[in-house]
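Asker: generate a structure from the sequence data that follows.
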Amino acid sequence: ATKQMHLTGGVGEGYLQQVLGGGKRGGTVDLGKGLTEEQRRVVTKDMEGLKIKYELPTPDGVRKRQYRVLEVRRKPAKEEMINVEGENISVVKYFTKQYGVSLKYPNLPCLWVGSRDRCTFIPIEFCTMMSQPLPRRKKLPDEAIATMIRQTAVKPLDRQKKIMEGLQRNNDKYKNDPYAKEFGISLSGTMTKLTGRILDPPSIEYRDNGKDKNIVNINKTNPGKWFQDKNTYLNGADVSNWAVLDMAQLNDGQYKEVVQGFVTVGKENGIKFGGVDKVMKVRVSMKDMDEALATIEDHLVRIGHHFQAAGSKLDFVLIIFAYKAGSLYDKIKHLGDMKLNISTQCCLKANLYKGGNLSKQVVANVCMKINSKLGGINHVLSKGCRPNILKRPVMIMGADVSHPAPECRSFKPSIAAVVASVEPKAVNYEVQVRIQDMGLESNEEVIKDMKEVTRNLLLKFFEKNNGRKPEKIVMFRDGCSEGQFLTVLAKELMAMREACMELEEGYQPPITYLVVQKRHHTRFFPSDTNKYRNGNALAGTVVDQGINHPTEGDFYLLSHEGIQGTSRPCHYQVLWDDNNMTADELEVLAYYLCHLYSRCSRSVSYPTPTYYAHLVADRARKHHNELIELAQFDCGSSSGYSAGSGKITETERRKIKEVVERGIEKPMYFV
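Answerer: Below is the predicted model of the structure:
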């Protein structure tokens, strides 16, 4: 919700100052100078769709109206031209001539309000934000979402108490309800008691340095995480040539400390970073976001040319932000992934310097991502505990479909992402992305081009394994609701089979197809001591009887340590199983795959391939948005955000689809 507040207000008190100067950005905004393009974007995104009160003081009294905001215009009021009786006149002159009012902030842009069919532009200084709930279709700002999650996270014992209180209230109503009595309906006053099991965690293998300490055994009484200790990554990357793009204004001491920190922590973990003398430093300010967005490509190109001129290959660029900047991050990823083929790693200065000093833990976490992006392997399941299915050539697949927000459905497509493992350890994945246009009414969940996707992934497996084909395929499918199971299974499974047959006649590897769901309301509350200190069930808790489907194979698996709130288990539905795997084999495979996520030394809530598919779809959405915005800018669209109307030509749309689906050369770029 928004509270009533004048848009310009006093010094530091207006709505614009709150939006642009609040949060982590800090500082005040000089309204006299107007807004930069980045500030205009931020304000448009914030105010789009909200209601404002327009009050114009004139010699005849105050004119009052209410409007809904469409966008903030690009030009300042003194340059915004309108047509009045066949004559072009600026908004500033119009208000002086028509109402005898001089604008206090002629450099501020106008608000475009009312209907998109009419050009109704009003100066910001006469507007007050009305107190109103946030429109349902409008996305909350990232900071508000983070605050909301923290506030709404309820500890397991508190949640259990709330559930029981609600149950008691319902029971009291049913006891005295004549209709319930007549039909003999009564409710139990207790929770369902189930028998669950706790799977043994796997042991994790790091690089063998000649000592018998490269295997880490996870503590069975406190599973879900492990400590790398002095082990090094199984396959550490060599980062000889790298650059630091400093956008956080580090002083010389901090810069050297950061570089030395990465060199030291990298060496401890198995990454060979080039020393301070081999690092190229580029300093850029984020104070003028408009300028930063306009010049970021030039800086990255200059870094690439610097290493080319020296006859060496740039390995990656470390980019340090002063604060979170979504638009800049998206642009950097688009340039690095799709245009310049440069590996980039962004991080916040505030995170690097937690508590005032450089945090080695944060640097180590960033190193895990860098190593994966550069083709290294952080950790794997040890040979002794590897599931039997991984001991023969098998392709583990993950798939997800990302849908646009309801208000964007008419011009933004759904994005399907499929990943597949291409080596026996199931840690490195190849990627396929598909753009599929949506119906206006409902989201199409089926991946339409599954045959071609599977064919391409099988060819990549064949290429990476010296001509060996996978003997089995296991698919973990995310983002599929119960009502679509049969449709998805019939279309996608048949497409996968056809892809196999097309590559070689008679090639029909057995396929196991599971759907992974987290959007449900089932929660487990341990009644014994097998729980964490906060009351959440232990990682590895599996329930496959009591609340499961009587005929279909399904199970609930809690594979992560719930740190905040109450843990939500994953619901696995086995839709098809040619491999005739036992329930135990499937549960262990799913649980062990949750330990292979390369960003952290923790077990995550989803199997790794499903998680990666989600990250790929998310990154593809960013690339798609950037390409649409570029196309709209070329077409002369008035606003980046109200790129809302999606006015690009069909040729441009097809071109963008081709670019996104062509994929990205770098392996594991999405990590």
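Asker: in three-state terms, label Ile396 for me.
Answerer: strand (DSSP: H, G, I helix; E, B strand; the rest coil).
Asker: again with Glu629
Answerer: Reduced to three states by three-state DSSP, Glu629 is helix.
Asker: for it, the count of nearby residues, please.
Answerer: For Glu629, the count of nearby residues is 19 (other C-beta atoms under 10 Å). Glycine gets a C-beta too; all of them are placed from N, C-alpha and C.
Asker: repeat for Asn217
Answerer: Around Asn217 there are 12 other residues, counting by other C-beta under 10 Å.
Asker: skip the chain neighbours and tell me the closest residue to it.
Answerer: In space, and not counting its chain neighbours, Asn217 is closest to Ser203: 4.9 Å by C-beta to C-beta, 6 or more residues apart in numbering.
Asker: surely the one you found and Asn219 touch.
Answerer: No: at 11.2 Å, Ser203 does not count as touching Asn219 under the criterion of C-beta atoms under 8 Å.
Asker: more neighbours: which of these two?
Answerer: Ser203 (17 against 11).
Asker: residues contacting that one?
Answerer: Contacts here follow C-beta atoms under 8 Å, 6 or more residues apart in numbering; on that basis Ser203 touches 215-218, 381-382, 384-385.
Asker: would you tell me what the next helix or strand after the helix or strand Lys93 falls within is?
Answerer: Per DSSP states H and E: Lys93 is located in helix 91-99. Scanning forward in sequence from helix 91-99 by DSSP H and E, the next helix or strand is strand 109-113.
Asker: so what's the gap between that next one and the chain middle?
Answerer: Relative to its parent chain, strand 109-113 has a centroid offset of 32 Å by C-alpha atoms, centre = their mean, to the nearest Å.
Asker: distance between the following helix or strand past it and the chain's centre?
Answerer: Using DSSP H and E, the helix or strand that follows strand 109-113 towards the C-terminus is strand 120-123. Here the centre of strand 120-123 is set off from its chain's centre by 36 Å, with C-alpha atoms, centre = their mean.
Asker: show me what the next helix or strand along the chain from strand 120-123 is in contact with.
Answerer: Using DSSP H and E, the helix or strand that follows strand 120-123 in sequence is strand 127-129. When contacts are defined by C-beta under 8 Å, 6+ apart, strand 127-129 is touched by residues 2-7, 15, 47, 50, 52-55, 111.
Asker: now do 6 Å
Answerer: Under the contact criterion C-beta atoms under 6 Å, 6 or more residues apart in numbering, strand 127-129 has outside partners 2, 5-7, 15, 52-54.
Asker: just the buried members of those?
Answerer: 2, 5-7, 15, 52-54 (16 or more other C-beta atoms under 10 Å).
Asker: give the burial count for the closest residue in space to Asn341 that isn't next to it in sequence, as a bare number.
Answerer: Nearest residue to Asn341, sequence neighbours excluded (C-beta to C-beta, 6+ apart): Glu665, at 6.0 Å. Glu665 is flanked by 9 other residues according to other C-beta under 10 Å.
Asker: from Thr529, how far off is Glu665?
Answerer: 51 Å (C-beta to C-beta, to the nearest Å).
Asker: same question for Asn548.
Answerer: 25 Å.
Asker: between those two, point out the one with more neighbours.
Answerer: Neighbours per residue, other C-beta under 10 Å: of Asn548 and Thr529, the larger number sits with Asn548, 17 against 7.
Asker: what's that one sitting at in phi/psi?
Answerer: Backbone dihedrals for Asn548, given as degrees, to the nearest 10, come out at phi -100, psi 170.
Asker: how about the contacts made by it?
Answerer: Neighbours of Asn548 in contact, by C-beta under 6 Å, 6+ apart: Asp554.
Asker: spatially nearest residue to Thr541 (excluding sequence neighbours)?
Answerer: Nearest to Thr541 is Leu558, by C-beta to C-beta, 6+ apart, at 4.4 Å.
Asker: what is the burial count for Ser102?
Answerer: Considering only other C-beta under 10 Å, Ser102 is surrounded by 9 other residues.
Asker: check the nearest residue to it once chain neighbours are set aside and give its pLDDT.
Answerer: Closest residue to Ser102 apart from its sequence neighbours, by C-beta to C-beta, 6+ apart: Thr96 at 5.9 Å. Here the pLDDT value assigned to Thr96 is 93.
Asker: count of neighbours near Thr96?
Answerer: 14.
Asker: got it, and the one 5 residues further on?
Answerer: Summarising burial for Val101: neighbours were counted as other C-beta under 10 Å, giving 18.
Asker: would you confirm that it contacts Lys93?
Answerer: No: look at Val101 against Lys93 with C-beta atoms under 6 Å: they stay out of range, at 11.2 Å.
Asker: what's the mean pLDDT across the longest strand seen in the chain?
Answerer: Longest strand in the chain by number of residues (criterion: DSSP state E): strand 61-76. The pLDDT scores in strand 61-76 average 92.
Asker: given whichever helix or strand comes after it, what are its sheet partners and their directions?
Answerer: On the C-terminal side of strand 61-76, the nearest following helix or strand under DSSP H and E is strand 81-84. Under the criterion DSSP bridges, strand 81-84 sits next to strand 87-90 (antiparallel) in its sheet.
Asker: the stretch 301-450 of the chain: helices as residue ranges?
Answerer: 326-334, 349-352, 360-373, 450-464 (DSSP state H, counting those that start in this stretch).
Asker: out of those helices, nearest to Val279?
Answerer: Taking C-beta to C-beta, helix 360-373 is the member of the helices of the stretch 301-450 of the chain nearest to Val279, at 13.7 Å.
Asker: and the closest one, what does it pack against?
Answerer: Here helix 360-373 touches helix 252-269, going by 3 or more C-beta pairs under 6 Å, 6 or more residues apart in numbering; DSSP states H and E.
Asker: and the helix it packs on with helix 360-373, angle?
Answerer: Helix 252-269 and helix 360-373 are oriented at 60 degrees to each other (axes from the mean of the first three to the mean of the last three C-alpha atoms, to 10 degrees).
Asker: need the contact partners of helix 252-269.
Answerer: Here helix 252-269 has contacts from 232-233, 273, 276, 279, 358, 360, 363-364, 367, using C-beta under 6 Å, 6+ apart.
Asker: the same query, at a cut-off of 8 Å, please.
Answerer: By C-beta under 8 Å, 6+ apart, helix 252-269 touches 228, 230, 232-233, 236, 239, 244, 246, 250, 272-276, 279, 281, 318, 320, 352-353, 358, 360, 363-364, 366-368, 371.
Asker: buried residues in that helix?
Answerer: In helix 252-269, counting by 16+ other C-beta under 10 Å, buried: 254-255, 257-259, 261-263, 265-266, 268-269.
Asker: next: stretch 491-498.
Answerer: 491-493, 495-497.
Asker: so how far is Gly21 from the closest residue to Gly114 other than its chain neighbours?
Answerer: Excluding the flanking residues, the one nearest Gly114 by C-beta to C-beta, 6+ apart is Thr120, at 4.3 Å. From Thr120 across to Gly21, the span is 28 Å (C-beta to C-beta).
Asker: likewise Lys531?
Answerer: Distance from Lys531 to Gly21, by C-beta to C-beta: 44 Å.
Asker: repeat that for Asn222.
Answerer: 44 Å.
Asker: endpoints of stretch 388-396, how far apart?
Answerer: The straight-line separation of the ends of stretch 388-396 (C-alpha to C-alpha, to the nearest Å) is 13 Å.
Asker: residues making contact with that stretch?
Answerer: 381, 420-422, 424-426, 457-458, 461, 465, 468-474, 476, 579, 581, 585, 589, 593, 609.
Asker: strands of the stretch 351-500 of the chain, start to end?
Answerer: Remark: strands assigned in the stretch 351-500 of the chain by DSSP state E, counting those that start in this stretch are 380-381, 394-402, 414-421, 429-436, 472-478.
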